[in-house]
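> A predicted structure for the sequence below; I have some questions about it.
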Amino acid sequence: MTHLDLPDSLPADVLVQRGKLPLKPASLTLTGRFIELIPYDEARDVEALYAVSNGSATAVGNLHVEAYDSEKLIWRWMFSGPHAMLGEFVDYMRTQTAAAYGLPYTVFHREMDKQVGVANYMSNAPDHLKIELGSIWYSPLVQRTAANTEATYLMLNHAFEQGYRRLEWKCNAMNLRSRHSAERMGFKFEGIQDAHMVVKGRNRDTAWFRILSDEWPAVKTHLEALLEKMATL
């Protein structure tokens, strides 16, 4: 390879961001029209989150669900769960809080001011200006509502404003709902990494998705249009 074969150097204003971004994402609140993302706090959140994710009938304001299969609706494709006891859920969330490269957010339903899910920045790599959205789940109370779309929008917008070049979304290749969600929100499918992990004693082939910084303006417009449409439903 000669010097003519090497890719172009990145602009200085892009490279300087590598030294500005923290390894553990900054603990900031992100506020939208429908939901608010507040960094997870065990004392405030853990019991409320467990109550809306353990399969029990539950109600939050005028939202309610009957008893449901939490393994099927929430935990099937996650790294942990379902959690038979609150203590198991506490430990699960503590691993996310302690992650050196990530930050868990509690998803609050703004109208009800109640906890309804969790979304993480994870696999943060400031040196490479990339970060992942993952370990995301929502109570059936708000599944198929604007919650996921707006949480994703807020996290993407914040990350790109900080100078990231690449936002990733990965999921079990068999998790069709997550794959469809990623594509609906503007992520580009990059392929499947076979035998990527062993999760809960099972093989996991991983589907990879991404949005790059130069793709973000069009995706942002797309997501804002989706959210506007949801607001009128």
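Right, received. Where do you want to start? Residues are numbered from 1 along each chain as shown.

> so A100 sits right up against K24, yeah?
Yes - proximity of A100 to K24 meets the contact threshold set by C-beta atoms under 8 Å, at 6.0 Å. Any C-beta I mention is one placed from the backbone N, CA and C, and that applies to glycine too.

> Compare the two (neighbour count), which wins?
K24 (14 against 7; other C-beta atoms under 10 Å).

> ranges for the helices of this protein?
12-15, 42-51, 70, 86-97, 146-162, 176-184, 216-231 (DSSP state H).

> Turn the ones you listed into a markdown table, including mean pLDDT and mean neighbour count.
Below are those laid out as a markdown table (pLDDT from 0 to 100; neighbours: other C-beta atoms under 10 Å):
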| stretch | mean pLDDT | mean neighbour count |
| --- | --- | --- |
| helix 12-15 | 91 | 10 |
| helix 42-51 | 98 | 16 |
| helix 70 | 98 | 20 |
| helix 86-97 | 98 | 16 |
| helix 146-162 | 97 | 21 |
| helix 176-184 | 97 | 16 |
| helix 216-231 | 96 | 14 |
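
> Mind checking these for the one nearest to R110?
Smallest distance to R110 across the helices of the chain (C-beta to C-beta): 9.6 Å, for helix 146-162.

> Which residues does that closest one contact?
17, 20-21, 28, 30-35, 37, 105, 107, 109, 116-117, 119, 121, 131, 133, 136, 138, 167, 181, 185, 211, 213, 216, 219-220, 223-224, 226-227, 230-231 (C-beta atoms under 8 Å, 6 or more residues apart in numbering).

> Could you list the alpha-carbon positions for stretch 130-146 in PDB?
Extracted as PDB, the C-alpha positions of stretch 130-146 are listed here (Å, rounded to 0.1, in the frame of the first residue of the first chain):
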ATOM      1  CA  LYS A 130     -19.000   5.900  18.100                       C
ATOM      2  CA  ILE A 131     -21.600   4.800  20.600                       C
ATOM      3  CA  GLU A 132     -24.400   2.300  20.800                       C
ATOM      4  CA  LEU A 133     -28.100   2.500  21.800                       C
ATOM      5  CA  GLY A 134     -28.900  -0.800  23.500                       C
ATOM      6  CA  SER A 135     -30.400  -2.800  26.400                       C
ATOM      7  CA  ILE A 136     -33.700  -1.100  25.600                       C
ATOM      8  CA  TRP A 137     -37.000  -2.300  27.000                       C
ATOM      9  CA  TYR A 138     -40.400  -0.800  27.600                       C
ATOM     10  CA  SER A 139     -43.300  -2.000  29.700                       C
ATOM     11  CA  PRO A 140     -46.300  -3.200  27.700                       C
ATOM     12  CA  LEU A 141     -48.000  -0.100  29.000                       C
ATOM     13  CA  VAL A 142     -46.200   1.900  26.300                       C
ATOM     14  CA  GLN A 143     -45.200  -0.600  23.700                       C
ATOM     15  CA  ARG A 144     -46.300   0.500  20.200                       C
ATOM     16  CA  THR A 145     -46.600   4.100  21.300                       C
ATOM     17  CA  ALA A 146     -44.300   7.100  20.700                       C
END
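
> in this protein, which spans are strands?
Taking DSSP state E as the criterion, the chain contains strands spanning 30-31, 35-39, 58-60, 63-65, 103-109, 114-125, 130-138, 166-172, 188-199, 202-212.

> Of those strands, which stretch is the most buried?
strand 103-109 (a mean of 24; mean count of other C-beta atoms under 10 Å).

> quick one on the thing from earlier: distance to D194 for the helices of the chain - can I get that in CSV?
Shown next, in CSV, are the helices of the chain (distance: least, C-beta to C-beta, whole Å):
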stretch, distance to D194
helix 12-15, 33
helix 42-51, 33
helix 70, 29
helix 86-97, 26
helix 146-162, 26
helix 176-184, 16
helix 216-231, 28
